[in-house]
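K.L.:
pasting the sequence and the predicted model now:
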Amino acid sequence: MQANISGLIRHYNNQAVLHLSRKTQINYHVHQSRLCCKRIRSILRLARPALINDDYRFFNRFYRDASRRIAQARDLTALIETIDLLISGTSSSKLVIFLTREKHRLFIKRKNLLNSTDFKNQKQEISDLFVAAETKLENISIKDNEITLLGSGILNTYHKGVIFWELNLKNNDCHLMHEWRKQVKYFWYQLVVLEPLWPVIFEALAREFQALSKLLGQYQDLTLLEIYLKEQREKINFPNELAVGLRIITLRKKDLAKRSLHLGDKLFASQKCKGLSGWFKFLLNTIG
């Protein structure tokens, strides 16, 4: 298992380097490199109870900071894609014109960012850091009885998901939904890592958490667009269309929150999560 954990992290580290080296479809490959960082961080959370020394703290911070440095490109893409969804869902020609203008502005902004010398230099610096991390990744040490400890790691992530699901049930807001989304995504990735232990069961669970992650991701993208449009309020000459657009975003967010919490009831409800937690402990201890 030690070789698997270390090998997986090194695999995604190398994949991130490969994506950052691409000269075409830069936006796509920057996004893929960030996904590699997220997968690494989910694996680190899974393995945290089994890691020796300060490997978790070092690498978690390392990949978090690297991902943040190139996040702007992904954020701009999320705004563009979310505007496309709003355009496809409206019959108002005025709203379409307004949203298309904003999409064009964002497209130009993203193009200028990706072509800028600063961004290219930053991308190369991050790639160099990933290459340099390879040696340290080879020396990651795992404690004995690591299967049981990995079970502890995935349960920690799951219980954090329960906490944020319950908080959002009481009073969901953008921050709490974002924090819940992160735990759901970590848990989904961790299920994929553990899938070979029991493929049929873990694959089915992973699909459920992937579906929830997608709903929460759409909610987050709408939140980013809402913030962007409000920040541009003084520069926008279409106050009526802006108001309509913000109302549509609010309604869609409410629908996504409702659907997410309903699915969360299936996956995180307190009367059910104890059974799932116990099942995980039994399964992983049995395998171990």
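P.N.:
Received the coordinates, thanks.
K.L.:
contact partners for residue 26?
P.N.:
73, 114 (CB atoms under 8 Å, 6 or more residues apart in numbering). To be clear about C-beta, it is placed using only N, CA and C from the backbone, and glycine gets the same treatment.
K.L.:
point out where the stretch 51-200 of the chain drops to low pLDDT.
P.N.:
For the stretch 51-200 of the chain, residues meeting the criterion pLDDT under 70 lie at 144-149.
K.L.:
show me where it has helices.
P.N.:
55-69, 71-88, 93-115, 117-138, 146-171, 174-194, 199-231 (DSSP state H, counting those that start in this stretch).
K.L.:
which one of these lies closest to residue 25?
P.N.:
Nearest to residue 25 among these is helix 93-115; the distance by CB to CB comes to 10.2 Å.
K.L.:
buried set for the closest one?
P.N.:
95, 98-99, 102-103, 106, 110, 113-114 (16 or more other CB atoms under 10 Å).
K.L.:
kindly report the same for stretch 126-141.
P.N.:
Buried, per 16+ other CB under 10 Å, within stretch 126-141: 126-127, 129-130, 133, 137, 140.
K.L.:
now do stretch 235-252
P.N.:
238, 241-242, 244-245, 248-249, 252.
K.L.:
got a pLDDT number for residue 24?
P.N.:
pLDDT, residue 24: 92.
K.L.:
check residue 2 too.
P.N.:
On the pLDDT scale, residue 2 gets 48.
K.L.:
can you check the one 10 residues further on too?
P.N.:
We have a pLDDT of 96 for residue 12.
K.L.:
now the one 3 residues further on
P.N.:
Looking at residue 15, its pLDDT reads 97.
K.L.:
residues contacting it?
P.N.:
32-33, 36.
K.L.:
likewise for residue 102?
P.N.:
For residue 102, counting by CB under 8 Å, 6+ apart, the contacting residues are 83, 229, 232, 236.
K.L.:
domain ranges for this protein?
P.N.:
The chain breaks down by automatic domain parsing into domains covering 1-95+113-143, 146-288.
K.L.:
need the contact list for the nearest residue to residue 129 once chain neighbours are set aside.
P.N.:
Nearest non-adjacent residue to residue 129, counting by CB to CB, 6 or more residues apart in numbering: residue 66, 6.4 Å away. Counting by CB under 8 Å, 6+ apart, residue 66 touches 37, 126, 129-130.
K.L.:
and stretch 49-67, which residues are buried?
P.N.:
49-51, 55-56, 59, 62-63, 66-67.
K.L.:
C-alpha coordinates for it, CSV please?
P.N.:
Extracted as CSV, the C-alpha positions of stretch 49-67 are listed here (Å, rounded to 0.1, in the frame of the first residue of the first chain):
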residue,chain,number,x,y,z
PRO,A,49,-3.1,9.0,9.7
ALA,A,50,-0.5,6.7,8.2
LEU,A,51,2.1,9.3,7.2
ILE,A,52,5.3,9.6,9.2
ASN,A,53,6.9,13.0,10.1
ASP,A,54,5.4,16.1,8.6
ASP,A,55,4.9,14.8,5.1
TYR,A,56,1.2,15.7,5.1
ARG,A,57,1.6,19.3,6.2
PHE,A,58,4.4,20.0,3.8
PHE,A,59,2.8,18.5,0.7
ASN,A,60,-0.7,19.6,1.4
ARG,A,61,0.5,23.2,1.7
PHE,A,62,2.8,22.8,-1.3
TYR,A,63,0.1,21.6,-3.7
ARG,A,64,-2.5,24.0,-2.3
ASP,A,65,-0.3,27.0,-2.9
ALA,A,66,0.8,25.8,-6.4
SER,A,67,-2.9,25.4,-7.4
